[in-house]
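Student: Sharing a sequence plus its predicted fold:
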Amino acid sequence: MPTVQTNEIETYYVQRGEGPPLVFVHAALVDHSMWAPQLDALADEYTVYAYDLRGHGRTGGSAVESYSVDLFADDLDAFLTALEVERPVLCGHSLGGAVTQVYAARYPDSISGLVLADSWTSELTDWRDRLTLLLLNTQIRLVRVVGLERAQRAGTWVQERFNPDAGGEYGTWEQLQAEMPPIPFEEFEKIVRAITTFTNVTVDLRSISVPTLVMYGENTVGYGRRQATRLAAEIPDATLEVIPGGGHGSNLDNPSFYSGAVASFIEERVTSGVAGSVA
């Protein structure tokens, strides 16, 4: 089981292939295995890495009292340093996108490209987006009462009736969670708090100087569309792409398109050095 010491924790990771480095950072409450389709598709051309964030998967929890996106970004920096990964392309999904945009803004010269999928900014100006975070906070109380599995089933039931395409392939997502080590409530709470307190983090998106691909699933909720559009507008060298048939888990809903978009982006915008335009 490959692990590496990062910020006083043992971080589990997988590494495959040869070529330029491509590092994947997963969404909340799943683990590195969400990237299996992309690792299969891209390992022939790149050295691909996927690791389990603190509190998730085989990395597991830690004694730190609270988590934050800043802490996850520090962990990412320690991970890249420990493995001597130089100027990778970072690909972050949802929470992973928050982590990688913080890293990219903090260390713009340390990466060669950035992919942000189904993610969001730290500054929420729309009341509907602030409401989304408020509802996320209520999940903590619900999980405390009924448990994580029952709370997720209830959320799925509501989503499927009011916006059935937004969540994408629920069955695949649930299978990932069933096969990974369970997340204790204490870790669940710290992870969700990291998401809801991201608004306390100042991220200068204008300082992200590398070519950036922003993606979202065409069936995602309005929050996801608004946030993706803002990311693409504020990052100087960003393009925006919609993933056909995708919900929030767009890399699993349409894996061939997602992987192809990442590969094309690297070939056309990163490797060639051709500047893009904001969509």
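Tutor: Looks like it arrived, so ask away.

Student: List the buried residues in stretch 239-257.
Tutor: 239-243, 246-255, 257 (16 or more other C-beta atoms under 10 Å). Yep, even glycine has a C-beta here, placed from its N, CA and C like the rest.

Student: Stretch 265-275 now?
Tutor: Phe265, Ile266, Arg269, Val270.

Student: how far out from the middle of the chain is that stretch?
Tutor: Counting by C-alpha atoms, centre = their mean, to the nearest Å, stretch 265-275 is centred 22 Å from the centre of its parent chain.

Student: all helices of the chain, in order?
Tutor: 36-42, 69-82, 95-106, 127-146, 148-162, 170-179, 185-196, 222-234, 250-253, 255-265 (DSSP state H).

Student: for the stretch 1-150 of the chain, which spans come out with low pLDDT?
Tutor: 1, 127-150 (pLDDT under 70).

Student: beta partners of Glu241?
Tutor: As for beta bridges, Glu241 partners with Met215 under DSSP bridges.

Student: Please verify my assumption that it contacts Met215.
Tutor: Yes: at 4.9 Å, Glu241 counts as touching Met215 under the criterion of C-beta atoms under 8 Å.

Student: between those two, what contacts are shared?
Tutor: Shared contacts of Glu241 and Met215 (C-beta atoms under 8 Å, 6 or more residues apart in numbering): Ala261.

Student: List just the nearest of the buried residues of stretch 265-275 to Pro108.
Tutor: Val270 (14.0 Å; C-beta to C-beta).

Student: From Thr229, how far off is the closest one?
Tutor: Plainly put, Val270 is 22 Å away from Thr229 if you go by C-beta to C-beta, to the nearest Å.

Student: do the same with Leu53
Tutor: Where Thr229 is concerned, Leu53 sits at a distance of 26 Å (C-beta to C-beta).

Student: can you check Gly92 too?
Tutor: Distance from Gly92 to Thr229, by C-beta to C-beta: 17 Å.

Student: again, but for Leu124
Tutor: When Leu124 is compared with Thr229 (using C-beta to C-beta), they lie 14 Å apart.

Student: Which one's more surrounded, these two?
Tutor: Set side by side, Leu124 and Thr229 show more neighbours around Leu124, with 19 against 15, by other C-beta atoms under 10 Å.

Student: ok, that one to Thr197 distance?
Tutor: Taking C-beta to C-beta, one finds Leu124 at 12 Å from Thr197.

Student: Thank you kindly, that will do.
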